[in-house]
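Chemist: Next comes the sequence, and after it the predicted model I'd like to discuss.
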Amino acid sequence: MKAIPEYSGTLRSHLLTIPKCISQCGGIRIFGRRIKSLVFTTDVAIIKNINADAIIAVYPFTPQPSIAQAIISVADVPVFTGVGGGMTNGARSVRLAEFAEHQGAYGVVVNAPILDETISQIKQVVDIPVIATIVSREMDIAGRIDAGADILNVSGAAQTPELVAEIRRQFPRVPIIATGGPTEEDILRTIQAGANAITYTPPTTGQLFSRMMRDYRGRYAPSRP
């Protein structure tokens, strides 16, 4: 392997880094950028301090343009933002997708309950990729693709590698983003199953602060004689 020179500085030497094994996937080239890793977060502090290739910004609330704009304005990398599929659907998701493109999003993500009709309508108004979330082999995956989904976002929990492998057998050329799992072994299984890119869930700022505060308390703990 080629040696890669690296500079991390002093103040930024503790930045979050994605698992190195993610570099083994082939990636997806979108508007000239090759994307192998996506970080799953809406925390702007995490977004500003992690080395992922892109951000996948979905959250369990009705999508709001102000949230998307805040994330896009902070991120130094492409942002793929959620536009609904659960509580939010239909014409509202279409309007959100169109606005997300105007804000600078690199793509829009729709969740599992989205209607195929809504995907088709989104494709009529945007020129950025539509990423459809797949959570089970029972879903009509062919219907999603026929409706215009450009990329599949596979999130099957522990069954993700098997689900990716099945999709890859049926659709050899479809781009697949997949959740990598908690360990490097899980990530590599997902890549080997056929994922082109991996979504990584980082620790929360609360978890990171907890570790930091334990270290600080240790420094000031009274020494024993």
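Modeler: Everything's here; your move.
Chemist: Point to the residue nearest the middle of the chain.
Modeler: For the chain, the residue nearest the mean C-alpha position is residue 56 (3.4 Å; C-alpha atoms, centre = their mean).
Chemist: how about the closest residue to that one other than its chain neighbours, secondary structure?
Modeler: Once flanking residues are discounted, residue 56 sits nearest to residue 38: 4.5 Å by C-beta to C-beta, 6 or more residues apart in numbering. (Each C-beta comes from the backbone N, C-alpha and C, glycine too.) Classification of residue 38 by DSSP: H, G, I helix; E, B strand; the rest coil places it in strand.
Chemist: Distance check, residue 38 against residue 95.
Modeler: 24 Å (C-beta to C-beta, to the nearest Å).
Chemist: try residue 42
Modeler: From residue 42 to residue 95 the distance is 20 Å (C-beta to C-beta).
Chemist: okay, those two: which has more neighbours?
Modeler: Ranked by neighbour count (other C-beta atoms under 10 Å), residue 42 and residue 95 place residue 42 first, with 18 against 15.
Chemist: Surely the more buried one and residue 59 touch.
Modeler: Yes - when contacts are counted by C-beta atoms under 8 Å, residue 42 is listed as touching residue 59 (5.2 Å).
Chemist: hey, what's in contact with both of these two?
Modeler: Common neighbours of residue 42 and residue 59 (criterion: C-beta atoms under 8 Å, 6 or more residues apart in numbering): residue 67.
Chemist: Can you mark which positions in the lowest-mean-pLDDT helix or strand in the chain are buried?
Modeler: Lowest on mean pLDDT, DSSP states H and E among the helices and strands of the chain sits helix 205-219, with a mean of 86. Buried residues in helix 205-219, counted by 16 or more other C-beta atoms under 10 Å: residue 208.
Chemist: And stretch 71-91, by the same measure?
Modeler: For stretch 71-91, by 16+ other C-beta under 10 Å, it's 71-72, 75, 77-86, 88-89.
Chemist: Where do the strands of this structure begin and end?
Modeler: Using DSSP state E, the strands of the chain run over 28-30, 33-35, 37-40, 54-57, 79-82, 107-110, 130-134, 151-154, 176-179, 197-200.
Chemist: Tell me which of those sits nearest to residue 21.
Modeler: For the strands of the chain, the distance to residue 21 is smallest for strand 197-200, at 8.7 Å, taking C-beta to C-beta.
Chemist: What pairs with the closest one, parallel or antiparallel?
Modeler: strand 37-40 (parallel), strand 176-179 (parallel) (DSSP bridges).
Chemist: Alpha carbons of it, as CSV, please.
Modeler: Output of strand 197-200 as CSV, limited to C-alpha atoms (Å, rounded to 0.1, in the frame of the first residue of the first chain):
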residue,chain,number,x,y,z
ALA,A,197,-21.0,3.2,0.4
ILE,A,198,-21.4,2.9,4.2
THR,A,199,-23.3,5.0,6.7
TYR,A,200,-21.5,5.4,10.0
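Chemist: Save the strands paired with strand 197-200 as TSV, and put in distance to residue 155 and mean neighbour count too.
Modeler: Output for the strands paired with strand 197-200, formatted as TSV (distance: least, C-beta to C-beta, whole Å; neighbours: other C-beta atoms under 10 Å):
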stretch	distance to residue 155	mean neighbour count
strand 37-40	9	23
strand 176-179	5	26
